[in-house]
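In: This is the structure alone, sequence omitted:
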Ligand code: FEO
């Protein structure tokens, strides 16, 4: 059974994952309108993955005797100056998400809720992967600079690139 404090913290995380999904959906749409079809495909997938992160939390809360709350979402940013701006925004967003996950993990230890602590380790691992990927993409974009040929190849490479770690793709 979840304590009220843990239930509230997990519901906070439900909202954060939903906001992530919404933010990446807005970025995907922006990229699609710019003709960056590979980047758009990558971001649409990323948005779907964030929804799965949210669902995983919803199901865990309900299974543990809590009540998952589906809240309203703020409209995400819709204007980006360029593709580097997209990935910098994504990276900054993910570092904030990591901080929030760390707070939930910390609370689990304080409340001695080792089951939820164990559950949250999946999110801890996920954040390491996502931050590393975002950093790599920003580095590549910095190398490319204003080279249109480089940008074309970057976008093409993103078409088939997954933003999910291997275990998530298997539906873990
Ligand atoms: Fe839900 Fe971007 O990690």
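Out: Arrived safely, thanks for sending. What you see is a predicted model; the values in this text were computed from it and never measured.

In: Now whichever residue of the chain sits closest to the ligand: which helix or strand?
Out: Of all residues in the chain, residue 53 sits closest to the ligand, at 3.8 Å by Cβ to the nearest ligand atom. Every residue, glycine included, has its C-beta placed from N, CA and C. Using DSSP states H and E, residue 53 sits in helix 37-63.

In: hmm, back to that, if I read this right, the residue of the chain closest to the ligand contacts residue 17, doesn't it?
Out: Yes: the criterion here is Cβ atoms under 8 Å, and residue 53 meets it with residue 17 at 4.3 Å.

In: Please identify the buried residues of stretch 117-136?
Out: By neighbour count on 16 or more other Cβ atoms under 10 Å, the buried set for stretch 117-136 is 117, 119, 120, 122, 123, 126, 127, 129, 130, 131, 133, 134.

In: Quick check: the gap between the second one and residue 51.
Out: Read that as residue 119. To residue 51, residue 119 is 18 Å away according to Cβ to Cβ, to the nearest Å.

In: Over to residue 45?
Out: 11 Å.
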